[in-house]
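Participant: what shape does this take:
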Amino acid sequence: MSGAADRFSAGIDTAELAIDTIRTLAIDAVEKAQSGHAGAPMGLAPVAYTLWTRFLRYDPKDPTWVNRDRFVLSAGHASMLLYSLLHLAGVEAVDSRGQPQGRPAVSLDDIEHFRQLGSVTPGHPEYRHTTGVEATTGPLGQGCGNSVGMAMAERWLEARFNKPDRKLFDYSVYVICSDGDMMEGVASEAASLAGHLKLSNLCWIYDDNTVTIEGHTDLAFSEDVAARFRAYGWATLDVADANDTEAFAQAIETFQKTSGRPTFIRVKSVIGYGSPHRQGTSKIHSDPLGPDEVRLTKAAYGWPQDAQFRVPDGVRAQFADTLGARGKALRQAWEADFARYREAEPALARELDLMRRGELPQGWDRDIPSFPADAKGIASREASGKTLNAIAPHIPWLLGGAADLAPSTKTKLEFDGAGTFRAGDYGGRNLHFGVREHAMGAIANGLALSNLRPYTGTFLIFSDYMRPPTRLAALMELPVVFVFTHDSISLGEDGPTHQPIEQLAALRAIPGLITLRPCDANETAEGWRLILGQSQQPACLVLSRQALPTLDRGRYAAAEGLRRGAYVLADGDRTPQVILMATGSEVSLCIEVYERLTGEGVAARVVSMPSWDIFEKQDQAYRDQVLPPDIVGRVAIEQGASLGWDRYVGLGGAILAMHTFGASAPNADLKTRFGFTPDHLYEAAKAQAGRSKP
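Facilitator: Presented below is the predicted three-dimensional model:
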């Protein structure tokens with residue numbers, strides 16, 4: 001037959017027509033953009049179509065319904081598969097508050113502008129940017145990690161909110177993942193934990209097409225992936241041909257009946273299916289087909305060869321009559337149940353309302369401690385743990401844990417009823433991630449994508465292992481709290497493998513991430529107040545292992561100054577000749593030298609700078625008030641890389657920082673060796689004071 005209209009009028013199966021529509025939309029979008037990946041959508045179209053039309057519990061008219069099934073495209077390079085589905089399903093756009101925008105999430109015009117500036121069809125799916133995208137994916141393995149967090153969140157929500165006579169939460173999480181996902185370590189970390197936790201609401205669909213950019217996967221990948229997943233504790237299923245929609249449907253039905261373990265479905269597909277000269281090759285992975293091959297491929301589908309961005313009559317109706325009708329009925333039934341639930345469980349219903357709006361309970365911060373002045377003080381990690389445990393009872397959906405380091409990072413919730421999240425008992429709020437920092441970050445993002453407020457904990461040096469999910473949390477504007485302790489060479493004998501140098505600068509470089517290094521217990525407490533007050537921004541707390549003096553806030557400025565990123569902590573009556581500035585443990589050193597200088601008649605000022613990014617957002621008048629431009633005598637001191645401090649001290653200022661790796665030795669010896677002593681700071685301050693005009 002010569003064209004799609006002929007095929008449809010001749011009674012060709014509507015499913016087949018819809019599948020080829022998904023394929024050709026991907027082909028046309030990539031061809032027009034001359035950029036993108038059409039091969040995976042071409043191979044996976046039957047799988048995605050079957051999942052969405054026959055199984056997915058999702059209402060396109062209400063894409064933020066909290067009990068919807070989640071569909072995560074971890075193979076984010078195949079973004080046109082998702083955009084085609086969103087378009088054909090008629091998903092409606094909503095704003096950040098879930099309010100309808102009166103337009104489709106992805107229009108046909110949006111697909112025609114694939115990968116163009118300002119479009120809602122970027123190269124990889126972006127959360128918040130395109131309605132219906134459940135997570136920003138692209139860096140392979142991240143979507144897999146996110147999905148484990150989503151599945152954990154469902155289990156926690158179920159334990160928190162479900163009642164014997166009313167089930168508010170019972171959704172599933174579906175993931176399409178690629179060979180690349182299977183190779184990335186983060187997916188393996190996440191899969192191991194998912195199997196341990198027996199997350200039977202989680203289904204990964206592995207597109208086993210044996211092709212990567214360099215060629216056949218046997219260049220670097222020959223393991224039995226299914227055997228690996230069975231070892232993790234997953235149920236594994238095989239679908240021999242992605243085009244066999246009934247075999248795939250049976251696999252999904254098996255998943256839905258499986259209890260006690262997540263499910264891994266390996267689907268054998270042909271990348272670029274239908275392309276006479278490109279299918280099954282690496283050429284189709286990331287290159288447009290070219291005009292001639294496009295025509296030949298469409299001919300192979302029985303498609304009009306010159307038609308572009310064609311959606312035949314009946315295809316959208318097919319999605320509406322299946323996915324749309326099913327999702328609407330399920331969502332309306334859920335809303336009726338929730339109305340009755342609200343009457344029977346008003347307190348829990350209010351909790352759910354707050355979670356969905358990204359708000360916190362009234363008075364959540366009322367028990368944040370105030371720490372008395374103490375020359376010996378406590379470590380900021382200790383102050384953080386005390387503050388966290390004062391806050392958490394008032395925010396039931398605040399939960400988290402550490403990468404096997406909770407005793408050291410002080411991130412364990414210890415109040416009565418906190419409990420532990422474990423297989424078969426999912427209501428606890430202490431999460432045990434094991435030694436899996438990378439997965440921990442990705443899982444925390446998945447928890448946040450599910451309206452929970454997660455935090456994580458590890459040493460600052462291991463923020464390197466968590467950088468990808470930390471960056472993605474900032475990109476997605478997720479309110480995840482990353483607690484990083486053991487923040488400097490002052491952790492001592494563990495030596496340079498554990499002593500962070502460049503990590504603080506690396507965190508500061510991430511756009512949209514609040515980085516806080518508090519100087520004492522009260523700044524730490526204020527840090528938690530500030531961070532949890534953010535609903536669309538991640539943050540990291542950088543905390544000390546060693547005790548820090550708790551400053552006398554009657555003598556020095558109040559810790560509330562932290563909310564502006566930097567503030568004048570100590571100052572005299574005269575215009576300062578020298579400004580001492582620092583973060584964290586070095587602030588108390590500045591105070592010590594400040595007292596010595598003022599005792600000698602040198603006008604000095606101490607500025608605590610716990611968060612550069614927040615300080616940079618203040619108006620120019622405030623920034624000039626804290627760091628007056630005409631005062632050139634400046635010293636910055638920080639036990640980390642010097643990168644960035646020059647913007648605050650100027651070309652002639654002094655920076656006392658680390659320029660090498662650390663060493664294994666007691667803390668006192670390290671401070672002397674690397675110059676973090678009162679005498680060294682005093683000499684630098686005196687020299688800088690001499691630069692100021694009399």
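
Participant: drop to CA atoms for contacts and neighbour counts, all remaining ones
Facilitator: OK.

Participant: for the chain, which spans come out with low pLDDT?
Facilitator: Confidence mapping of the chain against pLDDT under 70 gives the ranges 1-12, 693-694.

Participant: try 50
Facilitator: 1-11 (pLDDT under 50).

Participant: any idea which residue sits dead centre in it?
Facilitator: Centroid-nearest residue in the chain, with Cα atoms, centre = their mean: Ala473, separated by 3.1 Å.

Participant: close enough to count as contact, it and Ala539?
Facilitator: No. Assessed by Cα atoms under 8 Å, Ala473 is found out of contact with Ala539, at 9.1 Å.

Participant: burial measure for Arg357, as a count.
Facilitator: 13 (other Cα atoms under 10 Å).

Participant: what of Gln546?
Facilitator: Look at Gln546: counted by other Cα under 10 Å, it has 21 neighbours.

Participant: list the contacts for the closest residue to it other than its chain neighbours?
Facilitator: Nearest residue to Gln546, sequence neighbours excluded (Cα to Cα, 6 or more residues apart in numbering): Ala379, at 5.0 Å. Applying Cα atoms under 8 Å, 6 or more residues apart in numbering, we find Ala379 in contact with Asp520, Ala521, Leu543, Ser544, Arg545, Gln546, Ala547, Leu548.

Participant: out of those, which is most surrounded?
Facilitator: Going by other Cα under 10 Å, Ala521 tops those with 32 neighbours.

Participant: for it, give me its contacts.
Facilitator: By Cα under 8 Å, 6+ apart, the neighbours of Ala521 are Phe371, Gly377, Ile378, Ala379, Ser380, Ala383, Ser384, Leu548, Thr550.

Participant: next, give phi and psi for the first one.
Facilitator: Per-residue torsions, Phe371: phi -100, psi 130 (degrees, to the nearest 10).

Participant: quick one, what contacts the closest residue in space to it that isn't next to it in sequence?
Facilitator: Once flanking residues are discounted, Phe371 sits nearest to Asn522: 6.0 Å by Cα to Cα, 6+ apart. Contacts for Asn522 were tallied using Cα under 8 Å, 6+ apart; they are Ser370, Phe371, Ala383, Thr550, Ala559.

Participant: mark which of those residues are buried, thanks.
Facilitator: Buried residues within the contacts of Asn522, counting neighbours by 16 or more other Cα atoms under 10 Å: Phe371, Ala383, Thr550, Ala559.

Participant: my guess is the third one meets Ala375, correct?
Facilitator: Yes. Thr550 is in contact with Ala375 according to Cα under 8 Å; the separation is 6.2 Å.

Participant: widest-spaced pair of the buried ones among the contacts of Asn522?
Facilitator: Ala383 and Ala559 (13.5 Å; Cα to Cα).

Participant: between the buried ones among the contacts of Asn522, which sits nearest Ala344?
Facilitator: Using Cα to Cα, the buried ones among the contacts of Asn522 come closest to Ala344 at Ala383, 39.4 Å.

Participant: name the residues contacting each of Ala473 and Ala539.
Facilitator: Pro479, Val480.

Participant: tell me how far stretch 680-691 is from the chain's mean position?
Facilitator: How far stretch 680-691 lies from its chain's middle: 43 Å, per Cα atoms, centre = their mean, to the nearest Å.

Participant: who's in contact with it?
Facilitator: 577-578, 580, 590, 593, 597, 602, 632-635, 637, 653-654, 656, 675.

Participant: can you flag which of these belong to strands?
Facilitator: Under the assignment DSSP state E, these contribute Val578, Leu580, Arg634, Val635, Ile637, Ala654, Leu656 to strands.

Participant: how about CSV for the residues you listed, with neighbour count added?
Facilitator: Below are the ones in strands among the contacts of stretch 680-691 laid out as CSV (neighbours: other Cα atoms under 10 Å):
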residue, neighbour count
Val578, 28
Leu580, 29
Arg634, 29
Val635, 30
Ile637, 25
Ala654, 21
Leu656, 21
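
Participant: may I see these arranged in TSV, with distance to Ala392 as well?
Facilitator: Output for the ones in strands among the contacts of stretch 680-691, formatted as TSV (distance: Cα to Cα, whole Å):
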residue	distance to Ala392
Val578	42
Leu580	36
Arg634	40
Val635	39
Ile637	34
Ala654	42
Leu656	38
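
Participant: nearest to Val72, of the residues you listed?
Facilitator: When the ones in strands among the contacts of stretch 680-691 are compared for distance to Val72 (Cα to Cα), Ile637 wins out at 44.8 Å.

Participant: against Arg467, how distant is Ser259?
Facilitator: Ser259 is 34 Å from Arg467, where distance means Cα to Cα, to the nearest Å.

Participant: which one's more surrounded, those two?
Facilitator: Taking other Cα under 10 Å, Ser259 and Arg467 do not tie; Arg467 has more neighbours (18 against 14).

Participant: helix/strand/coil for the more buried one?
Facilitator: Following DSSP: H, G, I helix; E, B strand; the rest coil, we place Arg467 in the helix state.

Participant: residues contacting it?
Facilitator: The contact partners of Arg467, by Cα under 8 Å, 6+ apart, come to His438.

Participant: let's see 10 Å
Facilitator: Taking Cα atoms under 10 Å, 6 or more residues apart in numbering, we find Arg467 in contact with Glu437, His438, Gly441, Ala473, Gln503, Ala506, Leu507, Ile510.
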